[in-house]
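**Student:** Sequence unavailable; structure follows:
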């Protein structure tokens, strides 16, 4: 029996930033290139496609409207489904893997109505939680989930959300994102890199991720006022770009923190890894805003792979990324003073940071490294 051919449909894929896109890149690049074809969104510079052996096809996959009631949404789905149906025929596709239920899953569901392809969808938690607030989107998601062979949840938390919202048709399973423990590794102090970044001898607190409300950068910036009273040499560095940057810049000015809070939004992947390696501790101060949650928190895994103690908000699936109180801390990140007190205690205890960081490296290497992750994915995809 010939191997099935799979079309991976995802708007989020490098060079776009974001944990899910990076996850798909790392996962599917490790699977047979003849079997998995990636279809993703158009970008200005797609030269990154040359770095992956899989066939990468770029078509317009962005839309300002995702509902059927909107003319814009209808046109988007009609155009996208038509394009994907052509690719299904051209490449003899038997299955579509969707980066999200909505809108990639909706496109695949439409294609499946007139073809024999099966559909599997990744679920990240916040995607279906947000969709459930709209009656129209809830109905669309329900149709896709009922049709899907597998709903691949990135965490137990995401699986529980799918079940709570009635989207689990006995087809959910869990596949945590992985980390490349051969690239994300501990490193000795690199004074040249620290000087290049403007960090010098300061104690650096790092966050990596999109600048969006649920990530909690604002509360960390607020916490810096208290942190600096105890640790005047502290520096908060945010790697990423996003919609909340103007608001965060206003907060920095308001609190007088221009010398102690910085953005890094145009750095290479290697420089990002060096940021993990050279920081003193890592925080993802996430919180739930309306129905927007952090489904997992891949950056927490990457930081631990670099032997850094981590702090995360007690929202979503972040506690699944660590051994709480052993490799990191899960705290209430809606409270700036709780953030501040946790960080002050860690910055003042280098032995504790080193001890917890080393245990974090061991934990991630045994739990999230790509080798066991890919083997589990192969088992799922072969069903």
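**Tutor:** Right, received. Where do you want to start? Bear in mind that the values here come from a model prediction, so they are computed numbers and not experimental data.
**Student:** From here on, just use CA atoms for contacts and neighbour counts.
**Tutor:** Will do.
**Student:** can you give me the helices in the stretch 51-200 of the chain?
**Tutor:** Under the criterion DSSP state H, counting those that start in this stretch, the stretch 51-200 of the chain carries helices at the ranges 71-90, 106-112, 126-131, 135-147, 156-164, 191-197.
**Student:** Using the record's assignment, carve this protein into domains.
**Tutor:** 6-178+369-381, 191-367 (automatic domain parsing).
**Student:** Please compute how far the first one lies from its chain's middle.
**Tutor:** Which is domain 6-178+369-381. 14 Å (Cα atoms, centre = their mean, to the nearest Å).
**Student:** Just name the most buried of the helices of the stretch 51-200 of the chain.
**Tutor:** Neighbour counts (mean count of other Cα atoms under 10 Å) averaged over each of these peak at helix 106-112, with a mean of 24.
**Student:** weakest of the helices of the stretch 51-200 of the chain in terms of mean pLDDT?
**Tutor:** Mean pLDDT values for the helices of the stretch 51-200 of the chain show the minimum at helix 126-131, a mean of 85.
**Student:** Counting by contacts, list what the helix-or-strand element of the chain with minimal mean pLDDT packs against.
**Tutor:** The helix or strand of the chain with the poorest confidence is helix 126-131; it has a mean of 85 (mean pLDDT, DSSP states H and E). On a contact count with 3 or more Cα pairs under 8 Å, 6 or more residues apart in numbering; DSSP states H and E, helix 126-131 meets helix 135-147, helix 156-164.
**Student:** so can I have JSON lines of those helices showing distance to residue 230?
**Tutor:** What follows is those, written out as JSON lines (distance: least, Cα to Cα, whole Å):
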{"stretch": "helix 135-147", "distance to residue 230": "48"}
{"stretch": "helix 156-164", "distance to residue 230": "36"}
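**Student:** Would you agree residue 130 is in contact with residue 294?
**Tutor:** No - assessed by Cα atoms under 8 Å, residue 130 is found out of contact with residue 294, at 11.7 Å.
**Student:** where's the closest residue to residue 224 other than its chain neighbours, which helix or strand?
**Tutor:** Nearest residue to residue 224, sequence neighbours excluded (Cα to Cα, 6 or more residues apart in numbering): residue 340, at 6.9 Å. Secondary-structure assignment from DSSP states H and E places residue 340 in helix 336-347.
**Student:** Report all helices and strands that that helix contacts.
**Tutor:** Packing contacts for helix 336-347, counted by 3+ Cα pairs under 8 Å, 6+ apart, involve helix 217-230, helix 350-367.
**Student:** Select, out of those, the one closest to residue 335.
**Tutor:** helix 217-230 (7.2 Å; Cα to Cα).
**Student:** angle of the closest one against helix 336-347?
**Tutor:** Per axes from the mean of the first three to the mean of the last three Cα atoms, to 10 degrees, the angle that helix 217-230 makes with helix 336-347 is 50 degrees.
**Student:** Check which helices and strands helix 217-230 sits against.
**Tutor:** Packed against helix 217-230 by the contact rule (3+ Cα pairs under 8 Å, 6+ apart) you find strand 234-239, helix 245-254, helix 336-347.
**Student:** Can you give the contact residues for that helix?
**Tutor:** With contacts defined as Cα atoms under 8 Å, 6 or more residues apart in numbering, helix 217-230 is touched by 211, 234, 236, 248, 251-252, 255, 257, 261, 285-286, 333-337, 339-341, 343-344.
**Student:** mind running it again at 6 Å?
**Tutor:** The list of residues contacting helix 217-230 from outside it, by Cα atoms under 6 Å, 6 or more residues apart in numbering, reads 336, 340.
**Student:** what angle sits between that helix and helix 245-254?
**Tutor:** Helix 217-230 and helix 245-254 are oriented at 20 degrees to each other (the same axes, to 10 degrees).
**Student:** For residue 259, grab the count of nearby residues.
**Tutor:** 11 (other Cα atoms under 10 Å).
**Student:** Pretty sure it sits in a helix.
**Tutor:** No - Residue 259: not assigned to a helix; according to DSSP: H, G, I helix; E, B strand; the rest coil it is coil.
**Student:** Do you know the pLDDT at it?
**Tutor:** pLDDT, read off for residue 259, is 97.
**Student:** Endpoint to endpoint, stretch 83-99 covers what distance?
**Tutor:** End-to-end distance for stretch 83-99, by Cα to Cα, to the nearest Å: 17 Å.
**Student:** Look at residue 366 and say how many residues are nearby.
**Tutor:** There are 13 residues near residue 366, going by other Cα under 10 Å.
**Student:** Could you do residue 91 as well?
**Tutor:** The burial count for residue 91: 13, using other Cα under 10 Å.
**Student:** Grab the nearest non-local neighbour of it.
**Tutor:** Using Cα to Cα, 6+ apart and skipping the chain neighbours, the partner closest in space to residue 91 is residue 5 (7.7 Å).
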